[in-house]
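[1] sequence and predicted structure below; questions after.
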Amino acid sequence: MTTGKPLKFSNLRKTVSKRADEIVEKRQTGKIKYSLHDSCLSALAMMFFQDPSMLEFQRRLEEASQLNNLQTMFNVTTIPKDNQMRTILDNVPPEKLYPVFSDFFELLQRGNHLNDYLFLEDGYIIPIDGTQYFRSESVNCPSCLVKKHRNGTTSYSHQAIGAAVVHPDKPQVFPLAPEPIKNTDGTKKQDCEINAGKRILQRIRTDHPNLKIVITADDLYSKKPFVELLKKLKMSFILVAKPTDHTILFEQVLQKDEQDEADVIEWKDKKGLTHRYEWINGLRLNGGTSPPEINFLEYSIIKDQDKITYTNSWVTDIEVNADNVNKLVKAGRAKWKIENENFNTLKNQGYHAEHNFGHGEKNLSFNFFIIILIAFSMHQIIELMDPLFKKARAKFSARKEFWNQLRCMIRIIIFRNWESLLQFIISPSTGIRAP
């Protein structure tokens, strides 16, 4: 990878601090005990170390030594009480936290750290997909999505659209700001994933006006209004298209197949599996008026000549040919990274994205989700390019064991900074602790 100056924890933390300091304080000055900055960064510290009890442990350290790791690592002056932190964060407009993701992206670009993530004609692959991070049959707020079930019960949920810069061959993903799927005052119709998907596209283009982008998404999005918006925003796309939802399109494909007008490439791998690529350029997406023109591609893995073990199909605005069909398929299949590398990691790999840290009445639930995503972004960046982190991480075989060790250390020892903690993990006898 071509890189400039390595990005370190301090660069990322200062970026978050800067944005937190920019949030306008609406509370009366004389009644402010815990600042917006300290509340945001305290929440970030919890999510960064994946430890809901972190604030309690750091308050105990401070009582004994007048110093704590939130102060030395996260620049927190006063650690808020849990309930007060929730009250403060509930009133923070989520859009005030969005710029952190663009800031991280700019830092990565400025240091040439994303050069190896360019994939299709010097464009970035950005999958989008929806996820649910809160559900309850009792706890709710005005923003909750409401679902009435056949058994007579009602459930309440919070959902969001996520987006991330990914590469088919690289494990790290770099999230962009999420978009909430939520109900708003004055609207009778409930919000939905497709509308939130349109909003996140527009925000991505506003935040990155000149970025060359290839959006990937599932079958829900391969419809005329969404495709037209992508073209309007000058974004390329590779969208899943299933036969059950695209009757007119697959009638054209069948006709081209019967007339032997489809292009096909097949090759066999070392395991004896046949990889089959079929593509047709210049088809109509649907049968309505002024249907968008798209290009079609299908990929199948075949075992023993006739048993299909995998198949998928996509529509794209990129002209397909023998030279790029394999890359287009890899890009289309990279959509799973937003589900596996991003959402699955947030929910099942220590970030507890579905845990109810606090629901609130306004923005608390979504703000906690954003802060978890910021912590995850920081981890992805330092995993990729912080040499000291890589050296410390290499001391442990399992990720879970590594983070458990970090949590244990910050509960009993105060470190001068993040680097001192890593150095202590690498070599306890030489690790530098705070005075």
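    Sure thing, it's come through.

[2] test my guess that F366 contacts A160.
    Yes: with contact defined as Cβ atoms under 8 Å, F366 and A160 form a contacting pair (7.1 Å). C-beta: built from backbone N, CA, C; applies to glycine.

[3] what sits in contact with each of these two?
    P180 (Cβ atoms under 8 Å, 6 or more residues apart in numbering).

[4] need the residue closest to the centroid of the protein.
    P175 (3.7 Å; Cα atoms, centre = their mean).

[5] pop out the phi and psi values for the residue located most distally from the centre of the chain.
    Most distant residue from the mean C-alpha position of the chain: Q259, 43.2 Å away (Cα atoms, centre = their mean). Torsion angles at Q259 (phi, psi; degrees, to the nearest 10) stand at phi -90, psi 10.

[6] quick one, what contacts it?
    Taking Cβ under 8 Å, 6+ apart as the test, Q259 contacts no residue whatsoever.

[7] would you mind measuring from it to K232?
    Plainly put, Q259 is 33 Å away from K232 if you go by Cβ to Cβ, to the nearest Å.

[8] likewise for W279?
    For W279 relative to K232 (Cβ to Cβ), the value is 25 Å.

[9] which one of these two is surrounded by more residues?
    More neighbours surround W279 than the other of W279 and K232, with 25 against 11 (other Cβ atoms under 10 Å).

[10] I'd guessed that one sits against L297; true?
    Yes: between W279 and L297 there is a contact at 4.2 Å, judged by Cβ under 8 Å.

[11] overlap in contacts of the two?
    Joint contacts of W279 and L297 (Cβ under 8 Å, 6+ apart) are V320, V325.

[12] what residues of stretch 110-117 count as buried?
    G111, H113, L114, Y117 (16 or more other Cβ atoms under 10 Å).

[13] what ranges do the strands span in this protein?
    118-120, 123-136, 145-148, 154-165, 174-175, 179-181, 213-217, 236-240, 263-268, 274-284, 293-303, 307-316 (DSSP state E).

[14] which strands or helices does the shortest one pack on?
    Read that as strand 174-175. Secondary-structure packing of strand 174-175 (3 or more Cβ pairs under 8 Å, 6 or more residues apart in numbering; DSSP states H and E): helix 99-110, strand 154-165, helix 364-385.

[15] got CSV for the ones you listed, with mean pLDDT and distance to A217 too?
    Listed next are the helices and strands packed on strand 174-175 as CSV, based on pLDDT from 0 to 100; distance: least, Cβ to Cβ, whole Å:
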stretch, mean pLDDT, distance to A217
helix 99-110, 95, 19
strand 154-165, 94, 10
helix 364-385, 93, 19
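
[16] return the most buried member of these.
    helix 364-385 (a mean of 23; mean count of other Cβ atoms under 10 Å).

[17] and for the nearest residue to K362 once chain neighbours are set aside, the neighbour number?
    Closest residue in space to K362, ignoring its immediate chain neighbours: D90 at 5.1 Å, by Cβ to Cβ, 6 or more residues apart in numbering. Counted with other Cβ under 10 Å, the neighbours of D90 add up to 19.

[18] could you do the one 4 residues further on as well?
    Residue neighbour count, defined by other Cβ under 10 Å, stands at 18 for P94.

[19] quick one: it from I23, how far?
    As for P94, its distance to I23 is 11 Å (criterion: Cβ to Cβ).

[20] so what sits against both of those two?
    With Cβ under 8 Å, 6+ apart, P94 and I23 have no common neighbours.

[21] tell me the contacts of the closest residue to D122 other than its chain neighbours?
    Excluding the flanking residues, the one nearest D122 by Cβ to Cβ, 6+ apart is K212, at 5.9 Å. Applying Cβ under 8 Å, 6+ apart, we find K212 in contact with E121, D122, G123, Y124, S236.

[22] by pLDDT, rank the residues you listed and give me the bottom one.
    Lowest pLDDT among those: D122, with 77.

[23] tally of neighbours for it?
    For D122, using other Cβ under 10 Å, the count is 8.

[24] T15 versus that one, what's the distance?
    26 Å.

[25] okay, now the closest residue to Y117 other than its chain neighbours: neighbour count?
    Closest residue to Y117 apart from its sequence neighbours, by Cβ to Cβ, 6+ apart: H167 at 4.8 Å. Neighbours of H167 under the rule other Cβ under 10 Å: 20.

[26] one more: F57?
    18.

[27] ok, it touching C408?
    No: assessed by Cβ under 8 Å, F57 is found out of contact with C408, at 10.2 Å.

[28] that older thread, could you list everything the residue nearest to the centre of the chain pairs with in the sheet?
    Taking DSSP bridges, one obtains A164 as the residues bridged to P175.

[29] the one 5 residues further on now?
    According to DSSP bridges, the residues that bridge with P180 are A160.

[30] for it, what are its contacts?
    P94, S143, H158, Q159, A160, A196, F366.

[31] go with 10 Å
    Counting by Cβ atoms under 10 Å, 6 or more residues apart in numbering, P180 makes contact with 94, 143, 145, 158-161, 191, 196, 199-200, 363, 365-366, 369-370.

[32] please tell me how far V214 sits from A262.
    Following Cβ to Cβ, the distance that separates V214 from A262 is 23 Å.

[33] who's more crowded, those two?
    Legend: neighbour count by other Cβ under 10 Å for V214 and A262, higher for V214 (24 against 17).

[34] any low-confidence regions in the stretch 51-200 of the chain?
    185-187 (pLDDT under 70).
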